[in-house]
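The sequence and its predicted three-dimensional model are supplied below.
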Amino acid sequence: MTAAPSPAAGAGPDEPGLDRTGLAVGLSAYLLWGAFPLFFRLLEPAGAVEIVAHRATWSLGFCLLVLAVTRSLRSVLPALRDRRTLATIAVAAVLVAVNWLTYVYGVNSGRTVDAALGYFINPIATVVLAVVVLGERLRPAQWAACATGAMAVVVIAVGYGQLPWIAVCLAVSFGLYGLAKNRVGRTVGALPGLAVETAVLFPVAAGFLVWLAATGQGAFGDDAGHSALLALSGPLTAVPLLLFGAAARRLPLSVVGMLQYVTPVLQLAVGVLIFHEPMPPERWAGFVLVWVAIAILSVDGYRHRPPRVPRTRRA
């Protein structure tokens with residue numbers, strides 16, 4: 001996820017209204033991502049590593065099935081033929097595995113609110129990574145947003161007596177994952193990319209699951225319903241990604257950027273209202289600072305948005 005400009009940035013008098021199908025598809029993707037904490041709680045008593053191993057394994061199977069049904073298996077070839085592309089996707093696979101593992105651990109250890117915080121501060125982390133990794137120069141408003149975001153982490157850390165490492169790890173891993181995906185986004189589509197990423201993870205994931213089964217420590221197979229849920233983690237990983245890809249082709253970037261906040265808002269609501277995780281004043285203060293930083297980034301993004309290209313009207 002990246003920093004979102006104002007919703008007004010993508011619409012204008014020379015542009016058509018929002019694509020309702022695209023909006024519905026995009027909203028569905030973010031609602032599914034936002035509801036993931038409820039699903040991952042159902043996968044207990046499986047541990048976080050086992051859940052992620054199943055997620056990678058079944059995701060690969062689902063991706064290959066969809067690619068076969070749509071007769072697009074050849075779309076993975078560009079990623080496999082180019083060594084640099086394959087190496088970049090391998091790095092992305094490791095990063096997404098770290099992100100998944102941290103997220104599942106956070107949710108199933110009673111820290112869903114921290115996970116929500118991680119995705120709220122992801123746009124800020126992305127801006128910081130652009131400076132550190134890409135050497136980009138920031139505008140004053142972006143510096144102010146980064147400083148406000150850092151202050152939020154400090155406030156929460158001081159109030160809790162420890163660094164909110166789940167939030168920081170999620171934001172940094174997802175930000176680095178986005179940078180890696182950006183390097184191959186023009187040559188590898190979303191579904192083929194996920195197929196190759198999970199193929200990279202498959203040997204380790206499958207090996208771990210086989211070891212769990214051999215030692216009698218695995219949760220898969222003990223109960224048919226629970227085993228079905230573990231297998232369902234594959235499609236539930238791929239389907240929101242496909243919905244997001246369809247929405248991104250239909251909607252202005254500004255609208256997609258604003259929709260991204262549906263996910264952490266829903267995660268925060270699940271953590272507080274359903275899981276009853278504590279929200280002491282210092283945590284609320286940290287979240288407010290994060291929201292201020294997001295508002296600064298959004299306004300700055302709107303002010304510096306690229307000029308719209310007028311559409312040519314037919315006679």
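Looks like it arrived, so ask away.

Please identify the buried residues of stretch 195-212?
Neighbour-count burial for stretch 195-212, counted by 16 or more other CB atoms under 10 Å, picks out 195-202, 205, 208-209, 212. C-betas here are computed from N, CA, C, even on glycine.

If you count neighbours, what's buried in whichever strand or helix holds residue 238?
Per DSSP states H and E, residue 238 falls inside helix 224-250. Under the neighbour-count criterion of 16+ other CB under 10 Å, helix 224-250 has 226-227, 229-230, 232-238, 240-244, 246-248, 250 buried.

Same check on stretch 85-97?
So for stretch 85-97, counting by 16+ other CB under 10 Å, buried means 85-86, 88-97.

repeat for stretch 50-70
So for stretch 50-70, counting by 16+ other CB under 10 Å, buried means 50-64, 66-67.

Return the subset of those residues lying in helices.
Among the buried residues of stretch 50-70, DSSP state H puts 50-64, 66-67 in helices.

unless I'm mixing things up, residue 299 is touching residue 141, no?
Yes: shown here, residue 299 and residue 141 form a contact pair, counting by CB atoms under 8 Å, at 7.2 Å.

Next, give me the two most distant ones among the buried residues of stretch 195-212.
Distance extremes for the buried residues of stretch 195-212: the farthest pair is 196 and 212 at 25.0 Å, using CB to CB.

quick check: mean pLDDT across stretch 300-315?
The average pLDDT for stretch 300-315 rounds to 58.

now do stretch 281-293
Here stretch 281-293 scores 88 as its mean pLDDT.

the bottom helix or strand of this protein by mean pLDDT?
Ranked by mean pLDDT, DSSP states H and E, the weakest helix or strand in the chain is helix 253-259, scoring a mean of 71.

Going toward the C-terminus from that one, what's the next helix or strand?
helix 262-269.

Which elements pack onto that next one?
Counting contacts by 3 or more CB pairs under 8 Å, 6 or more residues apart in numbering; DSSP states H and E, helix 262-269 packs against helix 20-42, helix 112-120.

for the closest residue to residue 97 other than its chain neighbours, what are its contacts?
Spatial nearest neighbour of residue 97, excluding adjacent residues (CB to CB, 6 or more residues apart in numbering): residue 201 at 5.7 Å. Neighbour list for residue 201: 56, 60, 93, 97 [criterion: CB atoms under 8 Å, 6 or more residues apart in numbering].

Quickly check those for the two that are furthest apart.
Greatest spacing in these, by CB to CB: 60 and 97 (12.7 Å).

what secondary structure does residue 136 sit in?
coil (DSSP: H, G, I helix; E, B strand; the rest coil).

Any idea how many residues pack against the closest residue to it other than its chain neighbours?
If the residues on either side of it in the chain are set aside, residue 136 comes closest to residue 130, at 4.4 Å by CB to CB, 6+ apart. Residue 130 has 18 neighbouring residues, counting by other CB atoms under 10 Å.

which SSE is residue 130 in?
Take DSSP H and E as the rule and residue 130 turns out to sit in helix 122-132.

Quick one: name whatever helix or strand follows that helix.
helix 140-160.

shaky segments in this structure?
1-18, 185-186, 253-254, 304-315 (pLDDT under 70).

just how off-centre is the helix or strand containing residue 88 within its chain?
If you go by DSSP H and E, residue 88 is part of helix 83-108. Relative to the centre of its chain, helix 83-108 is centred 11 Å away, using CA atoms, centre = their mean, to the nearest Å.
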